[in-house]
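1. Sharing a model that was predicted from the sequence below.
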Amino acid sequence: MFRYKIIKKSKASKARIGIFTTPHGVIETPAFIPVGTVGAVKTMQPDELEENGAQIILGNTYHLHLRPGEKLIKKAGGLHKFIKWDGPILTDSGGYQVFSLSQGDERGENDCFKKACSTFRQAKISERGVTFFSHLDGSKHFIGPKESIKIQEDLGADIIMAFDDCTPSGVSKEAARKSMQRSHRWLKGCVKAKKRKDQALFPICQGSIFKDLRGESAKEISSYDLPGFAIGGVSVGESKEKIYQVADWCTDILPEDKPRYLMGIGYPEDIIEVIKRGVDMFDCVLPTRLARHGVVWIGSQSNHGYVSLDLRKSKSRGDLKPLDPSCDCYTCKTGFSRSYLKHLVSEREPLGIHLLTIHNLRFVFNLIENIKDLIRRGKI
């Protein structure tokens, strides 16, 4: 039911092009996964996502569990039918959110996640899982490996993630080791709990920025005969160089004949660099989040020469040029001027966010298409 076939390997790097077959269609990798946290990629219709190049989207287990609840979604026929998306879907495990949307945890190791809100309360870790308090209303909840898998099976995504302890940035090596080992124990629980055969379970490599821990984790999760593998615990505060280094360490060990998914990568330069290091899939909220704040990416789509244009700045007020004449997205082809788009953003008009989101997503998909062309020609 799940197959991965490499159709082209670069001669210049570890980059490759592959085809991953799922029950809801094939994914040609490298592939960017737009984030639809609560079941929607913000402002985008499903047909617009497909038209712009999306092959797969991501739903968030934590948020969908809290609202509207997996039981309702299951009753509706699963997430595909509920949101009217016919292509592949990936759901994360909720492991990151139970920490990042709580006010730290009893270890005191993820201060970078703390939020200045009185409704956030401390998450508590046990061997069974994590007790946490909803960021919506402070209500008490528990998710462990068994619970995460059950929620994801009810949601019905094609790819589901193992429940893991997402190690925050800046922890000691000993703390990173304990966190990694907990993730490995939880992985066993996920494998045992999983019942559905039409879902691909991806385990997650942890180990922070320590090469020996990353190697140990990559070998441990590779011992499971699973359809794909993920690299977690990056993009939580590390430098770009460390992220690239971790990607290199992990892809040197993770199975070559399975897709590799690096979680939380979205800047254009990061996409280029991790693809060169053998990563096949990646997700990030950046293209849509930046659009909501009036920021778009324009320029080169095959190297690091792009620029970020902030339409909130006053210099865009009288700029009647199209957003990016070289772009083939709806926003640019239609010729909406930078001046008009700035006006929409300034007025907080939803159309402005929508048009900028279309552009930013198309920019990323065009970038990946250009990278694939460079892989075919042995240039990257």
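-> Structure's in. What do you need?
2. among the helices and strands of the protein, which one scores worst on average pLDDT?
-> Least confident helix or strand of the chain, by mean pLDDT, DSSP states H and E, is helix 95-100 with a mean of 80.
3. Check the separation of the first and last residues in stretch 134-150.
-> The first and final residues of stretch 134-150 sit 19 Å from each other (Cα to Cα, to the nearest Å).
4. Residues contacting it from elsewhere in the structure, which ones?
-> By Cβ atoms under 8 Å, 6 or more residues apart in numbering, the residues outside stretch 134-150 that reach it are 61-62, 65-67, 70, 93-95, 98, 101-102, 115, 117, 119-121, 128-133, 151, 160, 162-163, 186-190, 193-194, 201. For every residue, glycine as well, the C-beta is placed using N, CA and C.
5. I'd like to know which of those are buried.
-> Buried by 16 or more other Cβ atoms under 10 Å: 61-62, 65-66, 70, 93-95, 98, 101-102, 120-121, 129-133, 151, 160, 162-163, 186-187, 189-190, 193-194, 201, out of the contacts of stretch 134-150.
6. Please list the members of those that lie in strands.
-> Here DSSP state E is the test, and these give Val130, Thr131, Phe132, Phe133, Ile160, Leu201 as lying in strands.
7. Put together a markdown table for those, with pLDDT and distance to Leu254 on each row.
-> Shown next, in a markdown table, are those (pLDDT from 0 to 100; distance: Cβ to Cβ, whole Å):
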| residue | pLDDT | distance to Leu254 |
| --- | --- | --- |
| Val130 | 93 | 26 |
| Thr131 | 92 | 32 |
| Phe132 | 90 | 30 |
| Phe133 | 90 | 35 |
| Ile160 | 98 | 18 |
| Leu201 | 98 | 15 |
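8. possible to save those residues as TSV with distance to Leu367?
-> TSV is the format used below for these (distance: Cβ to Cβ, whole Å):
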residue	distance to Leu367
Val130	36
Thr131	41
Phe132	36
Phe133	39
Ile160	27
Leu201	29
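9. Show me which of those is closest to Lys14.
-> Nearest to Lys14 out of these is Leu201 (Cβ to Cβ; 24.4 Å).
10. Tell me what that closest one is bridged to.
-> Ile160 (DSSP bridges).
11. That one is in contact with Lys192, isn't it?
-> No: here Leu201 lies out of contact with Lys192, judged by Cβ atoms under 8 Å, at a distance of 11.0 Å.
12. Out of the ones in strands among the buried ones among the contacts of stretch 134-150, which two sit at the greatest distance?
-> The most widely separated members of those, counting by Cβ to Cβ, are Phe133 and Leu201 (27.5 Å).
13. what's the offset of the helix or strand harbouring Ile368 from the middle of its chain?
-> Using DSSP states H and E, the element containing Ile368 is helix 350-376. Computed by Cα atoms, centre = their mean, to the nearest Å, the chain-centroid distance of helix 350-376 equals 16 Å.
14. That helix packs against which elements?
-> strand 16-22, strand 31-36, helix 46-52, helix 268-276, helix 286-292, strand 295-298, helix 330-334, helix 338-346 (3 or more Cβ pairs under 8 Å, 6 or more residues apart in numbering; DSSP states H and E).
15. Can you say which of those is nearest to Leu226?
-> Going by Cβ to Cβ, the one of the helices and strands packed on helix 350-376 nearest Leu226 is strand 16-22, 12.9 Å.
16. from the chain's centre, how far out does that closest one sit?
-> That offset, for strand 16-22, works out to 17 Å (Cα atoms, centre = their mean).
17. in its sheet, what does it sit against?
-> Applying DSSP bridges, strand 16-22 is found paired with strand 3-9 (antiparallel), strand 25-29 (antiparallel).
18. Among those, show me which one is buried the most.
-> The highest average neighbour count among the strands paired with strand 16-22, using mean count of other Cβ atoms under 10 Å, belongs to strand 25-29 at a mean of 19.
19. who does the residue nearest to the spatial centre of the chain bridge with?
-> Taking Cα atoms, centre = their mean as the criterion, Asp283 is the residue nearest the geometric centre of the chain, at 2.6 Å. Beta bridges link Asp283 to Ile33, judged by DSSP bridges.
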